[in-house]
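K.L.:
Kindly generate the corresponding structure for this input.
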Amino acid sequence: MSGLEEVVWVSLKDLKPAPWNINEMDYETFLSLMDDMSRKDGPYRINPIRVRPIGENKYEIIDGHQRVEAAIRLGWEKIRAIITKCSETEARIWNFRLNNERGKINPIREAEFYKYLLDKGWNLHKIERELGIKRQRVQQILKRLKVSEEAKEILEKVPMPSEIQEKPSMTGWKGPEAKHYEAIGKIEDKQLQKEVAKITVEHALPAKQTEKLVTQIKRGLKPEEALKVVRGETQPEDVYVFTCSCGKRYIVNWKEKTVKPS
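P.N.:
Have a look, this model is predicted:
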């Protein structure tokens with residue numbers, strides 16, 4: 001960004017949030033931002049937002065969604081802004097780069113951003129060259145989009161007190177990380193995705209344990225059996241999947257001396 005860019009005052013009524021905004025902010029950080037902006041020199045304490053024209057005296061926010069939301073709650077009428085004439089693709093790249101450097105990124109919208117670029121004719125080589133993200137990493141991130149809406153809802157829903165009372169282990173659940181989505185996105189079956197999401201939340205599994213859970217399930221284990229392996233109750237070598245000549249599959253547990261249909 002050039003230090004010579006003009007900063008102007010823009011009416012908050014003329015601003016439209018971008019539906020593809022990749023940034024997210026936790027509530028505590030947002031409250032801290034509001035506190036900073038509520039001071040006497042608040043309008044000058046924050047960096048100008050960046051917007052692009054989308055109509056007569058109407059602008060779409062490229063960078064600064066949280067600042068705008070805080071300004072609205074504080075009753076401001078205007079905010080300082082830099083107006084940049086650019087396409088949606090250029091705006092989305094701005095948004096990604098700025099938030100990737102110093103913000104917190106929404107994992108699903110990050111994946112949607114890469115899909116948008118691919119749909120626009122970019123390839124993995126160009127993404128790596130222009131944005132510095134390895135091709136293999138982009139492919140991993142895109143798996144987040146394979147997670148069903150039902151599974152996402154389970155992961156993102158804040159546990160109710162009644163649910164925590166029934167499953168005390170849920171108190172440790174702090175919400176999904178990007179790797180949770182990537183792990184569950186490796187499963188094709190949508191019902192199985194829901195089961196894995198439910199187990200992840202109920203047992204407050206870190207992303208690495210959800211990854212291990214999915215690995216065991218892809219070996220052929222049922223979610224409950226896979227969870228025992230992940231939690232160390234059963235060693236991986238104690239359990240394996242056997243397919244008989246009739247085509248039926250069974251889970252053999254040497255430790256528990258049981259054979260169950262898979």
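
K.L.:
Provide the backbone phi and psi angles at the residue nearest to residue 143 when sequence neighbours are not counted.
P.N.:
For residue 143, ignoring the flanking residues on the chain, the nearest one in space by C-beta to C-beta, 6 or more residues apart in numbering is residue 185 at 3.5 Å. Every C-beta, even on glycine, is put in place using the N, C-alpha and C of the backbone. Residue 185 adopts backbone torsions of phi -70, psi -10, taken as degrees, to the nearest 10.

K.L.:
show me the contacts for residue 185.
P.N.:
When contacts are counted by C-beta atoms under 8 Å, 6 or more residues apart in numbering, residue 185 touches 143-147.

K.L.:
Need these in TSV (columns: neighbour count).
P.N.:
As requested, these are exported to TSV (neighbours: other C-beta atoms under 10 Å):
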residue	neighbour count
143	16
144	25
145	13
146	17
147	28
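
K.L.:
which of these lies closest to residue 105?
P.N.:
Using C-beta to C-beta, residue 144 is the member of those that sits closest to residue 105, with 11.5 Å.

K.L.:
Surely that closest one touches residue 182?
P.N.:
Yes. Applying C-beta atoms under 8 Å, one finds residue 144 in contact with residue 182, separated by 5.8 Å.

K.L.:
Now for residue 118, how many residues are close by?
P.N.:
15 (other C-beta atoms under 10 Å).

K.L.:
what's the span of stretch 143-153 from first residue to last?
P.N.:
This stretch, stretch 143-153, spans 17 Å end to end (C-alpha to C-alpha, to the nearest Å).

K.L.:
now it: mean pLDDT?
P.N.:
Per-residue pLDDT over stretch 143-153 has a mean of 98.

K.L.:
repeat for stretch 228-236
P.N.:
On average, stretch 228-236 scores 79.

K.L.:
try stretch 248-262
P.N.:
67.

K.L.:
give me the number of residues near residue 53?
P.N.:
Around residue 53 there are 13 residues (other C-beta under 10 Å).

K.L.:
Tell me how far the helix or strand where it lies lies from the chain's centre.
P.N.:
Counting by DSSP states H and E, the element that carries residue 53 is strand 49-55. Centroid separation for strand 49-55 versus its chain: 26 Å, with C-alpha atoms, centre = their mean, to the nearest Å.

K.L.:
Return the set of buried residues in that strand.
P.N.:
Using 16 or more other C-beta atoms under 10 Å as the test for burial, strand 49-55 gives 49-52.

K.L.:
So which of the contacts of residue 185 belong to helices?
P.N.:
In helices, judged by DSSP state H, none of these are found.

K.L.:
Helix or strand next in line after the strand holding residue 53, which one?
P.N.:
strand 58-63.

K.L.:
C-alpha coordinates for that next one, CSV please?
P.N.:
Output of strand 58-63 as CSV, limited to C-alpha atoms (Å, rounded to 0.1, in the frame of the first residue of the first chain):
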residue,chain,number,x,y,z
LYS,A,58,-22.0,3.3,-2.1
TYR,A,59,-19.0,1.2,-1.1
GLU,A,60,-18.2,-2.4,-0.3
ILE,A,61,-15.8,-3.0,2.6
ILE,A,62,-12.5,-4.7,1.6
ASP,A,63,-10.8,-4.4,5.0
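
K.L.:
what packs against it?
P.N.:
strand 15-16, strand 49-55, helix 88-102 (3 or more C-beta pairs under 8 Å, 6 or more residues apart in numbering; DSSP states H and E).

K.L.:
which residues are contacting the second one?
P.N.:
Looking back up the chat, that one is strand 49-55. With C-beta under 8 Å, 6+ apart as the criterion, strand 49-55 contacts 10, 15-16, 59-64, 67-68, 79-86, 91, 94, 98.
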